[in-house]
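Visitor: Below is the sequence, then the predicted model.
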Amino acid sequence: MIKIIRNFIKRIFHQIFQGKKHIRLGLYGPPNAGKTTLANRISLDWLGEEVGKVSKVPHETREIMVKEKIIIESKEGKKISFNLVDTPGIATKIDYEDFLKFKMNKKDAKKRAKEATKGVIEAIKWLDNMDAVIVVLDSTLNPYSQVNLTIIGNLAAREIPVLVVANKIDLKKSKIKKVENAFPQYDVVGVSAEKGHNIEEFYESLFRVVK
Amino acid sequence: MPHQCVRCNKVYSDGSQELLKGCDCGGKFFFYVREKHLKKAEEITQKLTKEEKKQIEEDIFDIVDMEKDDRPVILDLETIRVLKPGKYELDVVKMFKGDSLVYKLDEGKYIIDLLSTFKSLRERKK
């Protein structure tokens, strides 16, 4: 108990005198864009452990997942310390029949749809707690979707710093230019979270966005 | 604005006694429907079987993390539309705005749950 109180006081002291250096960094985006893959990449790079399971079936992440105290360092020695918050994919339509294609049984598919809907509410609820957000988009798809525009528009309205990640640049259909054109007022970085392509530039962009 | 009983599809207007006590059929779960969507809402609910309606009722309670009790509950059809168990349409624009998702009735008053609570928390923070 005394240890807990001591740690608490230490933390408060640290926050008051060191300024707010520890932030909450959220990963937002539509389902299957690669949020958890990117979260795993970041966490593996700096902590050596994964955040969550990834799957080809949409809505694999249906609950908020937090990886605490990740500290990343730039080439110039700048540091950012953050809690990484991986969120469920935000969608306008969730249909259990879409999951049946992946050889899932009806009961499990319906349960998945229900949990995914709950996940969308959770993700939106958490938005106000974020200090900065990485919006992860699938660069092989049309960026002008209602979900993408709504997420980015709401982040702008809340004045939360945004880094747009155009994921899956390793795929032939990837069109990073289209993502850049859709969101010209934002830092857009193309990566392949799965293959690790361009991850160094991603970290550099993160340092630019999160000051 | 009309309210439609999830179980028997009966439509009640605003301020009806049934909304406070529950529907004649015993149901205490209502869809809140705007006039312009009334026809569509009726079409959707009429096609549902008894089992499906029951399932929707249970799923919604789970989704909004609410204990099932004796108070009537009203689900805003504009924010989350449940077409069938496992089929959902979400109005993310409204959800981000913090528009209310579920209203719970208590002693004749509307208590706004969930998203609007977050909205007011946000406003308080400012």
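Guide: Cool, the structure landed.

Visitor: which strands and helices sit next to the strand or helix carrying residue B:89?
Guide: Of the helices and strands defined by DSSP states H and E, residue B:89 is found in strand B:87-90. Packed against strand B:87-90 by the contact rule (3 or more CB pairs under 8 Å, 6 or more residues apart in numbering or on different chains; DSSP states H and E) you find strand A:93-95, helix A:106-126, strand B:80-84. Just so you know, the C-beta spots here come from the backbone N, C-alpha and C atoms, and that holds for glycine as well.

Visitor: how about the helices in the chain?
Guide: Because you didn't say which chain, this covers chain A. For chain A, helices defined by DSSP state H occupy the ranges A:2-18, A:35-46, A:96-100, A:106-126, A:146-157, A:176-182, A:199-209.

Visitor: Chain B, not that one
Guide: Secondary structure of chain B (DSSP H): helices at B:17-21, B:38-46, B:50-63, B:92-97, B:115-125.

Visitor: Buried ones in the second one, by neighbour count?
Guide: If I follow you right, that is helix B:38-46. Taking 16 or more other CB atoms under 10 Å in any protein chain shown as the neighbour-count basis, helix B:38-46 is seen to contain the buried residues B:38, B:41-42, B:44-45.

Visitor: Repeat that for the longest one.
Guide: Across helix B:50-63, burial judged by 16+ other CB under 10 Å covers B:52-53, B:55-57, B:59-61, B:63.

Visitor: Now tabulate these in JSON lines and tack on pLDDT and distance to residue A:148.
Guide: Compiled in JSON lines, the buried residues of helix B:50-63 are given as follows (pLDDT from 0 to 100; distance: CB to CB, whole Å):
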{"residue": "B:52", "pLDDT": "83", "distance to residue A:148": "32"}
{"residue": "B:53", "pLDDT": "79", "distance to residue A:148": "34"}
{"residue": "B:55", "pLDDT": "84", "distance to residue A:148": "32"}
{"residue": "B:56", "pLDDT": "80", "distance to residue A:148": "29"}
{"residue": "B:57", "pLDDT": "77", "distance to residue A:148": "33"}
{"residue": "B:59", "pLDDT": "83", "distance to residue A:148": "27"}
{"residue": "B:60", "pLDDT": "77", "distance to residue A:148": "27"}
{"residue": "B:61", "pLDDT": "76", "distance to residue A:148": "31"}
{"residue": "B:63", "pLDDT": "79", "distance to residue A:148": "24"}
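
Visitor: from those, which are also near chain A?
Guide: Taking CB under 8 Å from any CB of the partner chain, the overlap between those and the neighbourhood of chain A is B:59, B:63.

Visitor: any low-confidence regions in chain A?
Guide: Regions of chain A meeting the criterion pLDDT under 70 cover residues A:1-21.

Visitor: interface residues of it facing chain B?
Guide: Of all the residues in chain A, those lying near chain B are A:90-97, A:109-110, A:113-114, A:117-118, A:120-121, A:124-125, A:127-128, A:146-147, A:150-151, A:154, going by CB under 8 Å from any CB.

Visitor: What subset of those is buried?
Guide: A:90-92, A:94-96, A:109-110, A:113-114, A:117-118, A:120-121, A:124-125, A:127, A:147, A:150-151, A:154.

Visitor: about what we covered before: looking at the buried residues of helix B:50-63, spot the one nearest residue A:66.
Guide: The nearest member of these to residue A:66, counting by CB to CB, is residue B:63 at 21.5 Å.
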